[in-house]
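Sequence first, predicted coordinates after that:
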Amino acid sequence: MTKAYSLQDLELFLRVAESGNMSEVARQLNITNAAVSAAIKRLELALDVNLLERTTRSLHLSAAGQSLIPYLQQALGALDDAESELRNLQTAVAGEISIGLPSDLGRHLLLDILDDFQQQYPRIILRLDFSDFMQDLYRDNLDLVIRYGELSDSSLIARKLCDNHRILAASPDYIARMPALEALEDLVHHNCLYFYRNDRPYNHWIFYRDNKRVEIPIKGNRHTNDGDVVRRWGLAGHGVIYKSALDLTEELAQGRLVALLDGKYQGQSTPIYAVYKQRKYQPYRLTALLNHLENRFKTESILNTQ
């Protein structure tokens, strides 16, 4: 039911009742006496009672006004408490954050970054969902998803964390016992280990050479829907892999994998994005996490893959 008075009218009446002086309230709030008087008249008309007893020299609460005061103090106090609690919820870095992560990147890079975040904010609770399928923020009840590649859904927001690209790699053992790989076209003579992207086999590898797109159909005796498994197969010497450079940084640095055809092609671009829902009021814990991710991707030297 629509009220004929406002919250401001209630607040003005309470201030007048506490001070006993309408002019003083008007002065404190930098408004006119007429505005204060009109607010109280609106309240009286809506409640159909006289709240104040006025004379030319004094102002007193009526019996109805006196009975209203404790209820009004309780109601406005509760509203202040509610607003304060909401502000705390928005500004405190606390509560649960549900995050969707690619399997390989999530396990071998993001877990450490998220551990640091949780150590910094111990009141945070993390729920992690690992998958190489395209995760849906609404269907999967996620607050944030880390994705490779550009965003297509206009109802979501994407914050770019870093540039990234795919690279060809294999173990030293595999390289030693297999035919030389001197050009992209030689991939047809190699066992290529690939994964599925949203239920479709990624068995046509895309490269760029002299700024021209090159698509190579590949074959292999192992394929999976888990990018981490592909990396493990590559480390075990089962074949050639074509994966995100971020997923292979440590193995390449340690010599457990070797980059192939270095300088003879440009790998497919796979920038990393944090994707989240459009919200008018975003919990500050999510803002804090986004800032943490962005700062870590900018400052960590091992992330400079291009």
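Yep, it's here.

worst-scoring helix or strand of this protein, pLDDT-wise?
helix 63-91 (a mean of 80; mean pLDDT, DSSP states H and E).

Next SSE downstream of that helix?
Per DSSP states H and E, the first helix or strand lying C-terminal to helix 63-91 is strand 95-101.

who does that following strand touch, helix- and strand-wise?
strand 124-130, strand 144-148, helix 284-299 (3 or more Cβ pairs under 8 Å, 6 or more residues apart in numbering; DSSP states H and E). Where you see a C-beta, it was placed from the backbone N, CA and C, and this is true even at glycine.

Deepest-packed of those, please.
For the helices and strands packed on strand 95-101, average neighbour numbers computed from mean count of other Cβ atoms under 10 Å are highest in strand 144-148, which has a mean of 21.

strands paired with that strand, and their directions?
strand 95-101 (parallel), strand 272-277 (antiparallel) (DSSP bridges).

between that strand and helix 284-299, what angle do the directions make?
30 degrees (axes from the mean of the first three to the mean of the last three Cα atoms, to 10 degrees).

Can you pull out the low-pLDDT segments for this protein?
Applying pLDDT under 70 to the chain picks out residues 1-3, 56, 85-91, 150-155, 280, 300-306.

got CSV for the strands paired with strand 144-148, with distance to Ala39 too?
Converted to CSV, the strands paired with strand 144-148 look like this (distance: least, Cβ to Cβ, whole Å):
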stretch, distance to Ala39
strand 95-101, 39
strand 272-277, 40
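
Now tabulate the ones you listed in TSV and tack on distance to Lys264 and mean neighbour count.
Output for the strands paired with strand 144-148, formatted as TSV (distance: least, Cβ to Cβ, whole Å; neighbours: other Cβ atoms under 10 Å):
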stretch	distance to Lys264	mean neighbour count
strand 95-101	32	19
strand 272-277	25	20
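
hey, where'd the helices end up in the chain?
Secondary structure of the chain (DSSP state H): helices located at 7-19, 22-29, 33-47, 63-91, 103-105, 111-120, 172-177, 227-235, 245-254, 284-299.

Check which helices and strands the fourth one sits against.
Helices and strands touching helix 63-91, as assessed by 3+ Cβ pairs under 8 Å, 6+ apart, comprise helix 7-19.

For the helix it packs on, list the C-alpha coordinates in CSV.
What follows is helix 7-19 as a C-alpha-only set of coordinates in CSV (Å, rounded to 0.1, in the frame of the first residue of the first chain):
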residue,chain,number,x,y,z
LEU,A,7,11.0,8.1,5.1
GLN,A,8,12.3,11.7,5.2
ASP,A,9,9.0,12.9,6.8
LEU,A,10,9.4,10.3,9.5
GLU,A,11,13.0,11.4,10.2
LEU,A,12,12.1,15.0,10.3
PHE,A,13,9.3,14.4,12.7
LEU,A,14,11.7,12.5,15.0
ARG,A,15,14.3,15.2,14.9
VAL,A,16,11.6,17.9,15.7
ALA,A,17,10.3,15.7,18.6
GLU,A,18,13.8,15.3,20.0
SER,A,19,14.8,18.9,19.7
